[in-house]
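Asks: Here you go, sequence then predicted model.
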Amino acid sequence: MDLKKRVEQCLGPENFVVAMIECQGDLSVEVPKRSVVDVMRLLRDTPDLGFNFLSDLFGVDNLDLNKPKKKPKKKTEEGEGAEAEEEPKEKGPLPPRYEVVYLLLCLERNERLQVKVRVDENDMEVDTLTPVWKAADWPEREVFDMYGIRFKGHPNLKRLLMWDDFPAHPLRKDYPLEGQGEERHLIYDD
Amino acid sequence: MNQNPTPQTGHDTGDYVTVNIGPSHPAMHGTLRVVALTDGESLKKVDPEIGYLHRGVEKLGESLTYHQFIPITDRLNYCSAIPNNVSYEMAVEKLMGIEVPEKAQLIRVIMMELARIADHQVCIGILGVDLGAFTPFFYLIIQREEIYEIFEWFNGARLTNTFGRIGGVDADLPDDFDERWEELKPNVRKANEETEKLLTHNRIWMDRTIGVSAFSAEDALNWGFTGPCLRACGVKRDLRIDEPYCMYDKFKFEVPVGKNGDVFDRYIVRMIEMEESIKIIDQAYKLYKEMPADAPLMARVPKVIKPPAGEVYSALESPNGELGFFVKSDGSANPYRIRIRPPCYMIYQAFPELVEGELIADLVACLSSLNVIAGELDR
């Protein structure tokens, strides 16, 4: 049985599947944010799925994708997106701005699965995955660093790449590429 | 990053001493910093701090076109840039559904395996230097320089190769690759032999490496280990065999597996992998010779790369482990989001667990054996 059916069979009865997309053979499944840890445990422990390896975890900011098409972007003259948005966006409430993507891998069958949760700007908290896989430790810190998404229950949720009192979240789409002139002042207190 | 990192308690009571190692320290491979709480010589608590080489590669990628990003990928693992380039190209090709011509795939394989040898040579050479064995470093680094000569002669750059293009490779192997390779091969083998003679059965080397920072297979999988560090723990996993790309399923080679996951096993796994890489290059070159001289090197690719909207993840076995690129496109000429999955990022986050309880000198040995490259760690 192909992967899509097996995933559906596993997550379907609990109503965990929000959407399923296939792109060039990569299957991604969107799940509700509140049940992400349950979903991961299910995917890991169900025998005919057995996704026992967390390959990666990262965030995506969909701000530009959610923008209505006609609104010109700031950097149009630099060719950043004169004809960028081709997908027609349906009217109604915009989808949540952020995504957290989990890349899972089944070592026995060499199958990969992307699991996705959408995170709304007004509720930037996701349950941590560190009890399930220790590998989620630094990637979650990085997502927090770069997007400001907090991971509830993470043992050490500090910034990873930027310094601690850095005032912004640089991978957000509304953060300018050239920065905002932040400076790091080293304070030595002995 | 905190000015006053966490290990503080013992310092206050006077029982423990907090030692700051790095970021500017010859043993810390460039820009790594570790704050260690020590009890005499042994490590109580270790807190690695990264980000000193963070250049915002992923953010940069969002403002560049797909082709302009290839030179940026050189700066990830700068010891072996070619697998980085190919991994990124493969991700974009997957997104666009491009089939790369076989001849281009073979050139990629040859170059990637050369890069793997060079990377392992640096890793083992530096591991020796960090443990006080200076001679093997020279044997290995001379041969690594010869490999860089081949890269340089192929496209003009030693380290930042910007190898290949989306859809294939830009240039054919020069005609006298054969002679060059036949000349290089015995020298590489000889250097490896000399290194093995000096290190493998050396009493001091064995004492310093066997059992140091041993790691179980379960822990390694839980922490997301890949590559030689995972294989040293006894897990036979190699993307070249498990998820073949670039015609790797046509070649016969062994995947060495360790047992204890300690520094010695990581060293031995890398030593054997170099020999296997030589075998792969031989087989790939033989297949390459059978191709017609005018076989295409590039697939049909539009001048402006505009992949359809979508997102893919594609990974290959880089010298350090699984190097993956997640590329999300919104249909425009710039990638919407590029995520790099560097192998040593996952490995290095387990560093406290690897070295706590060991001696300070073993911290250096462990760090070298993991082959943490700050460029791909911090991006």
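Replies: That came through, no problem.
Asks: Tell me the pLDDT of residue 159.
Replies: With no chain named, the answer covers chain A. pLDDT for A:R159: 87.
Asks: Chain B was what I was after
Replies: Each residue has a pLDDT score; the one for B:L159 is 86.
Asks: how much space between B:V86 and A:R112?
Replies: To A:R112, B:V86 is 19 Å away according to CB to CB, to the nearest Å. For glycine as for every other residue, the C-beta is placed from the backbone atoms N, C-alpha and C.
Asks: Compare those two (neighbour count), which wins?
Replies: Under the criterion of other CB atoms under 10 Å in any protein chain shown, the comparison of B:V86 against A:R112 puts B:V86 first, with 28 against 22.
Asks: tell me, how many neighbours does the nearest residue to that one once chain neighbours are set aside end up with?
Replies: Of all residues not flanking B:V86 in the chain, B:R108 sits nearest, at 5.3 Å (CB to CB, 6 or more residues apart in numbering or on different chains). Residues near B:R108, counting by other CB under 10 Å, number 26.
Asks: Would you tell me what helix or strand the closest residue to chain A within chain B is located in?
Replies: As assessed by CB to the nearest CB, chain A sits closest to B:G224 within chain B, at 3.2 Å. For B:G224, there is no enclosing helix or strand under DSSP states H and E.
Asks: Let me know whether it touches A:D137 as I believe.
Replies: No: in this structure, B:G224 is not within contact of A:D137 by CB atoms under 8 Å, at 9.3 Å.
Asks: For these two, indicate the residue with more neighbours.
Replies: B:G224 (29 against 24).
Asks: what about the nearest residue to the more buried one once chain neighbours are set aside, is that helix, strand or coil?
Replies: Nearest residue to B:G224, sequence neighbours excluded (CB to CB, 6+ apart): A:A135, at 3.2 Å. For A:A135, the assignment made with DSSP: H, G, I helix; E, B strand; the rest coil gives helix.
Asks: quick one: contacts for A:A135?
Replies: Neighbour list for A:A135: A:54, A:57, B:222-224, B:346, B:349 [criterion: CB atoms under 8 Å, 6 or more residues apart in numbering or on different chains].
Asks: Show me the two of those that sit farthest apart.
Replies: The two members of the contacts of A:A135 with the most space between them (CB to CB) are A:L57 and B:N222, at 13.9 Å.
Asks: Show me which residues of the stretch 151-300 of chain B are close to chain A?
Replies: When proximity is defined as CB under 8 Å from any CB of the partner chain, the stretch 151-300 of chain B approaches chain A at B:219, B:221-224, B:235, B:237, B:242-243.
Asks: Do I have it right that B:I360 meets B:T38?
Replies: Yes: here B:I360 lies in contact with B:T38, judged by CB under 8 Å, at a distance of 6.4 Å.
Asks: out of those two, which sits in the busier spot?
Replies: Shown here are B:I360 and B:T38; by other CB under 10 Å, B:T38 has more neighbours (20 against 17).
Asks: Provide the backbone phi and psi angles at that one.
Replies: Taking degrees, to the nearest 10, you get phi -120, psi 150 for the backbone angles of B:T38.
Asks: A:S35 too?
Replies: A:S35 has phi and psi values of phi -110, psi 20 when expressed as degrees, to the nearest 10.
Asks: Next one: the residue nearest to it when sequence neighbours are not counted relative to B:D207, how far apart?
Replies: Closest residue to A:S35 apart from its sequence neighbours, by CB to CB, 6+ apart: A:F16 at 5.9 Å. The gap separating A:F16 from B:D207 is 52 Å, by CB to CB.
Asks: Neighbour count for the two, which is higher?
Replies: More neighbours surround A:F16 than the other of A:F16 and B:D207, with 21 against 10 (other CB under 10 Å).
Asks: For the more buried one, give its distance to chain B.
Replies: 21 Å (CB to the nearest CB, to the nearest Å).
Asks: any idea how far that residue lies from A:R109?
Replies: 21 Å.
Asks: again with B:R266
Replies: From B:R266 to A:R109 the distance is 27 Å (CB to CB).
Asks: what do you get for B:W223?
Replies: 21 Å.
Asks: Counting neighbours, go ahead and name the busier of these two.
Replies: Neighbours per residue, other CB under 10 Å: of B:W223 and A:R109, the larger number sits with B:W223, 25 against 13.
Asks: That one contacts B:A350, doesn't it?
Replies: Yes: in this structure B:W223 lies within contact range of B:A350 using CB under 8 Å: 4.0 Å.
Asks: any idea how far B:L140 is from the residue of chain A at minimum distance from chain B?
Replies: Closest to chain B within chain A is A:A135: 3.2 Å, counting by CB to the nearest CB. Distance, A:A135 to B:L140, using CB to CB: 31 Å.
Asks: Could you look up the SS state of the residue most central in space within chain A?
Replies: The centroid of chain A falls nearest to A:V100 when counting by CA atoms, centre = their mean (1.3 Å). Recorded secondary structure, A:V100: strand (three-state DSSP).
Asks: Settle this for me: it is touching A:V119, isn't it.
Replies: Yes: using CB under 8 Å, A:V100 is in contact with A:V119, at 6.1 Å.
Asks: Overlap in contacts, those two.
Replies: Common neighbours of A:V100 and A:V119 (criterion: CB under 8 Å, 6+ apart): A:126, A:149.
Asks: Run a quick neighbour tally on residue 186.
Replies: You didn't pick a chain, so chain A it is. Residues near A:L186, counting by other CB under 10 Å: 6.
Asks: nope, chain B please
Replies: 10.
Asks: Helices along the stretch 1-150 of chain B, start to end?
Replies: Ranges of helices in the stretch 1-150 of chain B, per DSSP state H, counting those that start in this stretch, are B:9-13, B:57-61, B:69-74, B:81-96, B:102-130, B:135-155.
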